[in-house]
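Chemist: coords please:
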Amino acid sequence: MQRAPFMLLLSCVEPAMAQMPAPDRAACEAIVARADRDAAVPGAAFQPGVDVRGNAVAGPDLNPRPEIALPEEFRIPVQPLVGAFLDRPLPPALEGMRAAAGELVVRLSDGRVTFNGVVVGGDTDAALIEACRNLLAPPPADDAAPPAP
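Modeler: Alright, predicted model coming up:
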């Protein structure tokens, strides 16, 4: 179904996080386990002229090619088909009609992605992981409980 990618994109936007229902315990356990596993992996940043053991090696570009100048950011219009969101078929004249839903902007310097100016990913992921950690945390001890007989 065509509306799934668009709906997934919208569910990642920060304001939508406040309106989304809380994830269940099993989903939170999986999210937290994945976050912990990803945090435990050491960085593997590429270092030119050095192999995996730290030894000097010849660079991969023996015949360097000219560098391609990339823009600072990519702007991607989000224009889903209108018919994908309706419960009835469109008239033939309107079958290919698209709605201008917004714009994704990907900044290459730091990988930041925004949808209509709202950050997508990163910060939202951190907020979801924190919410799951809070859900899975043991409840605080209740000091006001009467002692057991």
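Chemist: As a check, name the ranges of all strands in this protein.
Modeler: 73-78, 102-107, 113-115, 118-120 (DSSP state E).
Chemist: Give me the angle between the second one and strand 73-78.
Modeler: To tie it back to what came earlier, the one meant is strand 102-107. 160 degrees (axes from the mean of the first three to the mean of the last three C-alpha atoms, to 10 degrees).
Chemist: Neighbouring strands - and their directions - for strand 102-107?
Modeler: strand 73-78 (antiparallel), strand 113-115 (antiparallel) (DSSP bridges).
Chemist: Dump the ones you listed to JSON lines, plus mean pLDDT and distance to L136.
Modeler: The C-beta positions use only the backbone N, C-alpha and C, and glycine is treated the same way. What follows is those, written out as JSON lines (pLDDT from 0 to 100; distance: least, C-beta to C-beta, whole Å):
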{"stretch": "strand 73-78", "mean pLDDT": "90", "distance to L136": "34"}
{"stretch": "strand 113-115", "mean pLDDT": "86", "distance to L136": "28"}
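Chemist: do you know which of the strands of the chain lies nearest D36?
Modeler: strand 118-120 (22.9 Å; C-beta to C-beta).
Chemist: mind listing what's buried in the closest one?
Modeler: V120 (16 or more other C-beta atoms under 10 Å).
Chemist: cool, stretch 104-113 as well?
Modeler: Buried residues in stretch 104-113 (16+ other C-beta under 10 Å): 104-105, 113.
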